[in-house]
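Enquirer: when you get a sec, could you give me coordinates for this:
(4 chains)
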Protein chains: 2
Amino acid sequence: MAKLDPQRTLWPTEAAVSDVVGRLIEFWGFKRNMGRVWTILYLSPDPLSAEDLRRAFGLSSGAVSMTLSELARWGVVRKVWIQGERRDFYTAETQLWRMISRVFSERERREVIAAIDAFEGALRELDALRRSSADADVRSRAELQYERIAQLLELARLGRRMLDALVSTAKVDAEPLVRFLLGQRS
Amino acid sequence: MAKLDPQRTLWPTEAAVSDVVGRLIEFWGFKRNMGRVWTILYLSPDPLSAEDLRRAFGLSSGAVSMTLSELARWGVVRKVWIQGERRDFYTAETQLWRMISRVFSERERREVIAAIDAFEGALRELDALRRSSADADVRSRAELQYERIAQLLELARLGRRMLDALVSTAKVDAEPLVRFLLGQRS
DNA sequence: GTTAAGTTTCAAATTATTTTGAATACGCCG
DNA sequence: CGGCGTATTCAAAATAATTTGAAACTTAAC
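Expert: Numbering: from 1, shown residues only, chains lettered A, B, ... in the order given. Prediction:
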């Protein structure tokens, strides 16, 4: 019914771009197929069905289903209703910046916060130790470790601030950050 | 000979911190053991031998050797000579910021640059296509893809600028960047 | 209510990564 | 040179991650 043009085979540029995005994303800790599937949706003028994607990459139906639902969980792909079509169709989120900030705020932030907690806990224990231990060697080792872990903590907090800045910037508009970075180099 | 105190067993804080760093680093695309080993070296007052590390984590000698040489390749761990000791000893790079910027500049940058190249190549092809194709549908699809890939390219370039800023900042001193980020939030 | 197209799930198979440990290489010392 | 203590390498084993495909499930249409 919908005048979709379910392309059978990928254009060379589509193949190349989806591949490079897949690689980038894999490097980033996601599955390569997530990047490839997202890219094809992103480059498609119309929403595509699971079947279209299956054909495009020669994946199994199961793999496509799982990849799509994972992409949906990250909010980078959406299901869309198409008038008079039985099957589901999918589109990519096209606001790149929003996409990235969502992932940052959900995933990276969680990791960094866990690290911060662990560092803080370790600092507390080492502080107790350096005050209470009878053994001078232990005290001095605790001292050193305290200093070093404090450094790690500082770094982790910097990371958290960066993520927060990125995310809150993205909520409004990417421009300010972009402009800052441009300025930085000149 | 050297009055090292090759601890047999890790302190709880060492175990906890090395674990969390391992996780963070794994998340970042390195092996967990790289993070754990680096951390123990970082928290040690004296250089440690491969054997010390093997014992600390219960790894095989092969694994330790490989982990250390990988860490050395990334420049985050160094071999040190110890007077009158036969075996090799290792210390961690303690300048965290320098460490990170080295990894960024070598690894992330490579990836981003590859992506930029691929995007530029795709844009050239699509440009040719939208000018030359006889088929209006093809032209309009090429048009759309051109726009979208241009977005990706812009993003990738932004990423490259961020990495460059980070790295060049780190070369001198992390402070400016830190201060900027603090300012950003206030 | 039944059928059929489409989707999701999940255990098993495949594939990729990491670890082991024995063999080999290295380097120092007498 | 030869022996000893270590370090490195690498094929095989273990483990982890991904993919498959068939069965179970959902939902729209009749």
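
Enquirer: how about the residue located most distally from the centre of chain A, secondary structure?
Expert: The C-alpha centroid of chain A is most remote from A:Ala134, which lies 47.5 Å away (CA atoms, centre = their mean). Three-state call for A:Ala134 (DSSP: H, G, I helix; E, B strand; the rest coil): coil.

Enquirer: could you check how far it is from A:Tyr146?
Expert: Remark: distance between A:Ala134 and A:Tyr146 (CB to CB, to the nearest Å) = 18 Å. (C-beta placed from N, C-alpha, C; glycine too.)

Enquirer: next one, pLDDT for the most centrally placed residue in chain A please.
Expert: Taking CA atoms, centre = their mean, the centroid of chain A lies closest to A:Val103, which sits 3.8 Å from it. pLDDT for A:Val103: 90.

Enquirer: in space, what's closest to it - neighbours in sequence excluded?
Expert: Excluding its sequence neighbours, the residue lying closest to A:Val103 (CB to CB, 6 or more residues apart in numbering or on different chains) is A:Trp74, at 6.2 Å.

Enquirer: for chain A, which segments count as strands?
Expert: A:48-49, A:77-80, A:89-92 (DSSP state E).

Enquirer: those: which one's closest to A:Arg160?
Expert: strand A:77-80 (27.8 Å; CB to CB).

Enquirer: tell me the contacts of the residue nearest to A:Leu153 when sequence neighbours are not counted?
Expert: Among residues not flanking A:Leu153 along the chain, A:Phe119 sits closest, at 4.1 Å (CB to CB, 6+ apart). Contact partners of A:Phe119, counting by CB atoms under 8 Å, 6 or more residues apart in numbering or on different chains, are A:149, A:152-153, A:156, B:17, B:20.

Enquirer: need these in a markdown table (columns: neighbour count, pLDDT and distance to A:Pro12).
Expert: As requested, these are exported to a markdown table (neighbours: other CB atoms under 10 Å in any protein chain shown; pLDDT from 0 to 100; distance: CB to CB, whole Å):
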| residue | neighbour count | pLDDT | distance to A:Pro12 |
| --- | --- | --- | --- |
| A:Ile149 | 26 | 98 | 51 |
| A:Leu152 | 23 | 97 | 46 |
| A:Leu153 | 18 | 97 | 49 |
| A:Ala156 | 23 | 94 | 43 |
| B:Val17 | 29 | 97 | 49 |
| B:Val20 | 24 | 95 | 44 |
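
Enquirer: DNA strand C: which of those residues is nearest?
Expert: Closest approach between the contacts of A:Phe119 and DNA strand C, by CB to the nearest atom of the strand: B:Val20, at 16.3 Å.

Enquirer: go ahead and confirm the residue nearest to A:Val103 touches A:Ser105.
Expert: No. In this structure, A:Trp74 is not within contact of A:Ser105 by CB atoms under 8 Å, at 11.4 Å.

Enquirer: of the contacts of A:Phe119, just say which sits nearest to A:Gln83.
Expert: Taking CB to CB as the measure, A:Gln83 lies nearest A:Ala156 of these, at 50.1 Å.

Enquirer: would you agree the closest one is in contact with A:Asp117?
Expert: No. With contact defined as CB under 8 Å, A:Ala156 does not reach A:Asp117; the gap is 9.5 Å.

Enquirer: mutual contacts of the two, please.
Expert: Joint contacts of A:Ala156 and A:Asp117 (CB under 8 Å, 6+ apart) do not exist.

Enquirer: how near is A:Ser105 to B:Asp19?
Expert: 24 Å.

Enquirer: how close does A:Phe57 sit to chain B?
Expert: 17 Å (CB to the nearest CB, to the nearest Å).

Enquirer: ugh, typo on my part, it should be A:Glu154
Expert: 9 Å.

Enquirer: returning to that earlier point: between the strands of chain A, which gets nearest to DNA strand C?
Expert: Proximity to DNA strand C (CB to the nearest atom of the strand) singles out strand A:48-49 among the strands of chain A, at 5.4 Å.

Enquirer: give the pairing partners of that closest one; include direction for each.
Expert: According to DSSP bridges, strand A:48-49 has the following sheet partners: strand A:89-92 (antiparallel).
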